[in-house]
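K.L.:
Quick one: sequence and predicted model below, then my questions.
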Amino acid sequence: MPGGRLTQQERQQIALGLADSLPYAEIARRLDRPTSTVTREVMRNGGPTAYRADLAHRATEHRAHRRRPASSPGTESAPQPHGRDAGAMAEYEDTFTTVLMASGLPKIPARVLTCLFTTDSGSLTASLLARRLQVSPASISKAITFLESQSLVRRERDEGRRDRYIVDSELFYQATIASARANDELVKTARQGVAVLGRDTPAAARLENVARFLDFISESITRAAEQAREVLHTGPRTIPDDTAPADADHG
């Protein structure tokens, strides 16, 4: 199986496969590549409807070029905690960000969330986030505002009275419940439409079916979240060695 980065010819084959409405798995099979490689390539470069081989190739070269200076002191050249491989971490963070973007998050919030999740402390200041992601403080502020609105991060003041942005297990539960509650408002509005349109009309029947569907989904999600909540607080099977290098997340 070929390794390394995708070639321009492979990207052209991906574009042709997408034009023929082939599933990612089939495109990957023809390239003798993992399906995840094709999925990540497409989602990172506009998605299945906007993917362009030449643009994707140039964007990848630009990202690779942009990463090289990041090996300067204080960034990727710094020792990784717990003996992690810096290259593997960068690739994983790229993949995680791509998946979050595919789920609907904008790029900078997705990068911020990835950074927080892959930090052992699960907590960083705005200045550390800006330095790690090489973006402006204003971009971090906008991203945090968005993530807080989705119940995906929370903030606390540290001893130095600086805001620290935090991800923890409980936030997943809260975000799930918030999503279910958002459906509740849509259910209520759909049923208002039923009364306005007339219960015996096709349009009213359509809205009622949507309301029933979303009501069932919301109830199921809430029940499942309550039942699974304890999983989020289950301790790790193995405890990290206290002698391992500490994560340099103080700042």
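P.N.:
Cool, the structure landed. Residues are numbered from 1 along each chain as shown.
K.L.:
wait, Ala187 sits on Leu214?
P.N.:
That one is not Ala; residue 187 is Val. Yes - counting by Cβ atoms under 8 Å, Leu214 is a contact partner of Val187 at 5.0 Å. Yep, even glycine has a C-beta here, placed from its N, CA and C like the rest.
K.L.:
Please enumerate the strands of the stretch 101-250 of the chain.
P.N.:
Along the stretch 101-250 of the chain, counting by DSSP state E, counting those that start in this stretch, strands occupy 123-125, 154-157, 163-166.
K.L.:
Is it possible to get CSV of those that adds mean neighbour count and distance to Glu61?
P.N.:
Formatted as CSV, the strands of the stretch 101-250 of the chain follow (neighbours: other Cβ atoms under 10 Å; distance: least, Cβ to Cβ, whole Å):
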stretch, mean neighbour count, distance to Glu61
strand 123-125, 21, 29
strand 154-157, 12, 37
strand 163-166, 18, 32
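K.L.:
Looking at those strands, which is nearest to Arg131?
P.N.:
Arg131 lies closest to strand 123-125 among these, at 9.5 Å (Cβ to Cβ).
K.L.:
who wins for proximity to Glu208 among the strands of the stretch 101-250 of the chain?
P.N.:
strand 154-157 (37.7 Å).
K.L.:
Kindly report the domain assignment for the protein.
P.N.:
Segmentation of the chain into domains, based on automatic domain parsing, reads 8-61, 86-166, 169-233.
K.L.:
any chance of the ones you listed in a markdown table, plus distance to Gln80?
P.N.:
Output for the domains of the chain, formatted as a markdown table (distance: least, Cβ to Cβ, whole Å):
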| stretch | distance to Gln80 |
| --- | --- |
| domain 8-61 | 22 |
| domain 86-166 | 5 |
| domain 169-233 | 24 |
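K.L.:
Mean pLDDT for those domains - can I get that in TSV?
P.N.:
As requested, the domains of the chain are arranged in TSV below (pLDDT from 0 to 100):
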stretch	mean pLDDT
domain 8-61	87
domain 86-166	87
domain 169-233	88
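K.L.:
And for this structure, the residue most distant from the center?
P.N.:
Most distant residue from the mean C-alpha position of the chain: Asp200, 43.1 Å away (Cα atoms, centre = their mean).
K.L.:
measure that one to Met43 for me?
P.N.:
Asp200 sits 44 Å away from Met43, going by Cβ to Cβ, to the nearest Å.
K.L.:
likewise Pro137?
P.N.:
Going from Pro137 to Met43 by Cβ to Cβ gives 28 Å.
K.L.:
Among those two, which residue is more densely surrounded?
P.N.:
Between Pro137 and Met43, counting by other Cβ atoms under 10 Å, Met43 is the more crowded of the two (20 against 12).
K.L.:
in which helix or strand would I find the more buried one?
P.N.:
Per DSSP states H and E: Met43 is located in helix 35-44.
K.L.:
Show me the contact partners of that helix.
P.N.:
For helix 35-44, the surrounding residues in contact (Cβ atoms under 8 Å, 6 or more residues apart in numbering) are 6, 11, 14, 18, 24-25, 27-28, 31, 48, 51, 56, 59, 94-95, 98-99, 101-102.
K.L.:
Check stretch 145-157 too.
P.N.:
By Cβ under 8 Å, 6+ apart, the residues outside stretch 145-157 that reach it are 106, 109, 112-113, 116, 123, 144, 163-168, 171, 174-175, 178.
K.L.:
Kindly recompute the last result at 7 Å.
P.N.:
Residues outside stretch 145-157 that contact it (Cβ atoms under 7 Å, 6 or more residues apart in numbering) are 106, 109, 112-113, 116, 144, 163-167, 171, 174-175, 178.
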